[in-house]
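A.B. asks: Output the structure for:
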Amino acid sequence: MRDSMLRRVATVVTTLGLTSLGLFGAGAAPAQAAISDCPSGYFCAWKSDDGTGTMYKTNVNRATLGTWDNAFRSIVNHTNKYACLYDEPNYDVDGGTDIWRPDPAGTEWGYPGSTVSSVKLVPTERECVGTAYPKWQAATAPKAAGFGDLNADRRSDVLARDEAGRLWFLPGDGTGRLVGSGGWGAMNALTRHGDFTGDGREDVIARESATGRLWLYPGTGTGSLGTRKLIGSGGWNGMSRITAYGDLTGDGRSDLLAVEPSTGKLWAYPGTSTGTLAARRLVGSGGWNAMNALVAPGDMNGNGKADLIAREASTGKLWFYPGTGTGAFGSRVLIGSGGWNVMASFLAVGDFGGDGLNDLATVTTSAYVGEGCRGVGCLVRYSGKGTGALNPGAPESWEIDWSDLRGTF
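C.D. replies: Prediction:
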């Protein structure tokens, strides 16, 4: 997470593998037997510096530690969860927090970076100091547009996949709700926008890493997703930049875009009345490998047609490709003269500013420097002008953290 002060020596040492500097005692003879006594699935601690003597163990959260309060001198996290060690009781982060990464083998042990008064075991690092999902706020749009709105409340929504492979629905009011309890880590491409099933609700498309299959998850109109349907039996691992676009061909159905890496061609896969994809059509004869991001923001120039935004890898420029509703794009227009490579991902979820114009948001890399926020995980909002162009970006406060996620869309 961006606030590195919350990750003190324990996490840093684990990441660097510095088990030979005395902070970690993996393989140290005097403590080996006691360390191995920590059962799988448990967090364990000792009052001694070498991991010997009476052992404390827990596999549940502990708001207080009783006689073990501030007594941990050596610890091991023999679990598949993050161990959050708080200086204060009741998981109070104000006093400071040490974060220990999962160690299912139970072979790494060391010293806590501070006193410990409460312990929490959580699936993701974010949950040690906050929620598994980021805070997302969107204004109410003047009219229901459907685009970017999964629960029909006229606010743009976001889906976020966490490090544990869970899927969260962010309805635009700062809250989040779990809509996928696991398994989403098996997908190496996630995209949404448009109604592929014909029920008037926005859907999600995902590619399965192991098989190259393409799955359609129908929206329910509540932010949740229905039973998935196979729409691509294989071979989709040979495509990149898979993007649910909206209606490209003008037939009233949502279509899918994808780049063929071997040729640099851009292909459209038209949606059908049955929620499947028709035979692909060529919409870009080459050169699309030069783009390292495709974004489908809906109608950005007010002509009622869905548009495309692409980032040029070599220059960091942002290009606008206006939709024509005929299965092709108009002449591209430069809308970002450079510097866009500091953005890790793009969020195109419609009108989140509430002015009736579609907008764009980005999540930053470590190279980003902005007013009020810098580094990984800043959310930057760009309001649309209604012409295809964007107003200058406005970064959210550094306290709104969008790091340590495996995709937002």
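A.B. asks: going forward, measure contacts between C-alpha atoms and count neighbours the same way
C.D. replies: Will do.
A.B. asks: which residues of the stretch 201-350 of the chain fall in strands?
C.D. replies: Applying DSSP state E, counting those that start in this stretch to the stretch 201-350 of the chain gives strands spanning 204-208, 214-217, 229-232, 240-246, 255-260, 265-269, 281-284, 291-298, 307-312, 318-321, 333-336, 343-347.
A.B. asks: Which one, of those, ends up nearest to Asn358?
C.D. replies: Smallest distance to Asn358 across the strands of the stretch 201-350 of the chain (C-alpha to C-alpha): 7.0 Å, for strand 291-298.
A.B. asks: and the closest one with strand 307-312, angle?
C.D. replies: 160 degrees (axes from the mean of the first three to the mean of the last three C-alpha atoms, to 10 degrees).
A.B. asks: in strand 291-298, what counts as buried?
C.D. replies: Neighbour counts over strand 291-298 (16 or more other C-alpha atoms under 10 Å) mark 291, 293-298 as buried.
A.B. asks: And the strands in the stretch 1-150 of the chain, which stretches?
C.D. replies: 42-46, 55-58, 74-78, 82-86, 97-100, 109-110, 118-122.
A.B. asks: Show residues contacting the first one.
C.D. replies: Where contact means C-alpha atoms under 8 Å, 6 or more residues apart in numbering, the residues beyond strand 42-46 that reach it are 38, 51-59, 71-79, 83.
A.B. asks: Within its sheet, name the partner strands of it and how each one runs.
C.D. replies: strand 55-58 (antiparallel), strand 74-78 (antiparallel) (DSSP bridges).
A.B. asks: What of the fourth one?
C.D. replies: Here strand 82-86 has these sheet partners by DSSP bridges: strand 97-100 (antiparallel), strand 118-122 (antiparallel).
A.B. asks: what mean pLDDT would you report for that strand?
C.D. replies: When pLDDT is averaged over strand 82-86, the result is 98.
A.B. asks: Using JSON lines, lay out the strands paired with strand 82-86 together with distance to Tyr133 and mean pLDDT.
C.D. replies: What follows is the strands paired with strand 82-86, written out as JSON lines (distance: least, C-alpha to C-alpha, whole Å; pLDDT from 0 to 100):
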{"stretch": "strand 97-100", "distance to Tyr133": "18", "mean pLDDT": "96"}
{"stretch": "strand 118-122", "distance to Tyr133": "13", "mean pLDDT": "98"}
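A.B. asks: Out of the ones you listed, which one sits most buried?
C.D. replies: strand 97-100 (a mean of 26; mean count of other C-alpha atoms under 10 Å).
A.B. asks: so how far is it off the chain centroid?
C.D. replies: Centre-to-centre, strand 97-100 and its host chain are 22 Å apart (C-alpha atoms, centre = their mean, to the nearest Å).
A.B. asks: ok, now which ones touch the nearest residue to Asp401 once chain neighbours are set aside?
C.D. replies: Among residues not flanking Asp401 along the chain, Gly377 sits closest, at 5.6 Å (C-alpha to C-alpha, 6 or more residues apart in numbering). Counting by C-alpha under 8 Å, 6+ apart, Gly377 makes contact with 1-2, 363-366, 401-404.
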